[in-house]
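> Sequence below, structure please.
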Amino acid sequence: MALITAHGLSVRIGARRILCDLNFTLEAGTWIGLIGPNGSGKTTLLRTISGLQPYSGSLTLCGRAVSAWKTRALARQLAFVRQSTPLSFDFTVREVVLLGRSPHQGYLDRTTHEDSEHVRRALEHVDMRGFASRSILSLSGGERQRVFLAQALVQEADVLLLDEPTNHLDVRHQYAFLQTVRGFVRSGRTAVAVFHDIELAARFADHILVLDGGRLVADGKPADVVTQDLLADVFRIRASLAPAQEGALSIHYIEPTE
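Numbering: from 1, shown residues only. Predicted coordinates for the structure are as follows:
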């Protein structure tokens, strides 16, 4: 079922055109990976889908224009985990995660037992259960990233938007994080994630969009999209590819093409 659809989607920031006439359909219940060189528009696309960035053309969520959704209603549909989140206040980890319940509460509502249970389970999911009383400012970058994933999980949104989700994480927590997201998708929800690591994108994503210079240059299953020609043409790197275990892809980078 089509969940997010774009036709002629474009974004300008000032005089610069960041996204140019994108056309795509993202299916519900799948994990979509966004890959492309630095500056290709990946983060801008996530921000646009999340309703944070004005756009021209058509962009719909559940058949309704993203620009037509009210903020709180959109927050019940989409949860956005940014690559880095500025922190202005010295909240505890529990307080930060609890903010994810805001779309489900009225302005004067108190925290319920149900809210607290959501927070507890989310912290367990991201291996941060013992950190609930810690100051968010006392945590490492990787620990903070896991807290913000927990915040997104308690939001109970149908779509999880992730901007380079494994940034700052060590190898163990990278895979734990990605397995948590895989469980989210297997439960019937949808993830859209920017990947810096092409091998991880090919291993975990069901579908991949490739951006280059703000344009969509490839769109399909990982095995069809991630090819030697694409790596040479888009990422400017010569590489050899080989299948790995469990349908994964092993990429051996050889040298830049220019």
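> C-alpha from now on. contacts and neighbour counts both.
Will do.
> Low-confidence ranges, the chain, go.
Within the chain, the ranges that satisfy pLDDT under 70 run 84-88, 106-109, 245-247.
> Which parts of the stretch 151-258 of the chain are helices?
171-186, 198-204, 222-225, 228-234 (DSSP state H, counting those that start in this stretch).
> most packed of these?
Highest mean neighbour count among the helices of the stretch 151-258 of the chain (mean count of other C-alpha atoms under 10 Å): helix 198-204, with a mean of 19.
> quick one on the thing from earlier: compile the helices of the stretch 151-258 of the chain into a markdown table and extend it with columns for distance to residue 192.
Below are those laid out as a markdown table (distance: least, C-alpha to C-alpha, whole Å):
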| stretch | distance to residue 192 |
| --- | --- |
| helix 171-186 | 10 |
| helix 198-204 | 11 |
| helix 222-225 | 14 |
| helix 228-234 | 21 |
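> so what's the residue nearest in space to the middle of the chain bridging to?
Closest residue to the average C-alpha location of the chain: residue 162 at 1.7 Å, with C-alpha atoms, centre = their mean. Counting by DSSP bridges, residue 162 forms beta bridges with residue 81, residue 193.
> my guess is it contacts residue 194, does it?
Yes. Using C-alpha atoms under 8 Å, residue 162 is in contact with residue 194, at 6.2 Å.
> Just the strands from the protein, written as ranges.
Counting by DSSP state E, the chain has strands at residues 2-13, 16-27, 31-35, 56-61, 64-65, 78-81, 159-163, 190-194, 207-212, 215-220, 237-243, 249-256.
> now the second one and strand 207-212, what's the angle there?
Here the directions of strand 16-27 and strand 207-212 differ by 170 degrees (axes from the mean of the first three to the mean of the last three C-alpha atoms, to 10 degrees).
> which residues sit against strand 16-27?
By C-alpha atoms under 8 Å, 6 or more residues apart in numbering, the list of residues contacting strand 16-27 from outside reads 1-12, 32, 40-41, 44-45, 57, 190, 213-216, 219.
> Go again with 6 Å.
Strand 16-27 is contacted by residues 1-12, 41, 214-216 when judged by C-alpha atoms under 6 Å, 6 or more residues apart in numbering.
> do the fifth one as well
Defining contact as C-alpha under 6 Å, 6+ apart, one finds that strand 64-65 is touched by residue 59.
> Direction included, what does that strand pair against?
strand 56-61 (antiparallel).
> Any idea which of the strands of the chain gets closest to residue 228?
Residue 228 sits nearest to strand 237-243 of all these, at 6.1 Å, using C-alpha to C-alpha.
> Now do stretch 136-145: distance from first to last residue.
Terminal residues of stretch 136-145 are spaced 10 Å apart (C-alpha to C-alpha, to the nearest Å).
> Buried residues, it. List them.
Under the neighbour-count criterion of 16 or more other C-alpha atoms under 10 Å, stretch 136-145 has 136, 142-145 buried.
> now those as a markdown table including distance to residue 117?
Shown next, in a markdown table, are these (distance: C-alpha to C-alpha, whole Å):
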| residue | distance to residue 117 |
| --- | --- |
| 136 | 20 |
| 142 | 24 |
| 143 | 21 |
| 144 | 20 |
| 145 | 21 |
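> Which of these sits closest to residue 182?
Of all these, residue 182 sits closest to residue 145, with 16.9 Å by C-alpha to C-alpha.
> ok, that closest one to residue 52 distance?
From residue 145 across to residue 52, the span is 20 Å (C-alpha to C-alpha).
> Also residue 257?
Computed as C-alpha to C-alpha, the residue 257 to residue 52 distance reads 36 Å.
> give me the number of residues near the closest residue to residue 67 other than its chain neighbours?
Closest residue to residue 67 apart from its sequence neighbours, by C-alpha to C-alpha, 6 or more residues apart in numbering: residue 51 at 6.5 Å. Using other C-alpha atoms under 10 Å, residue 51 has 21 other residues around it.
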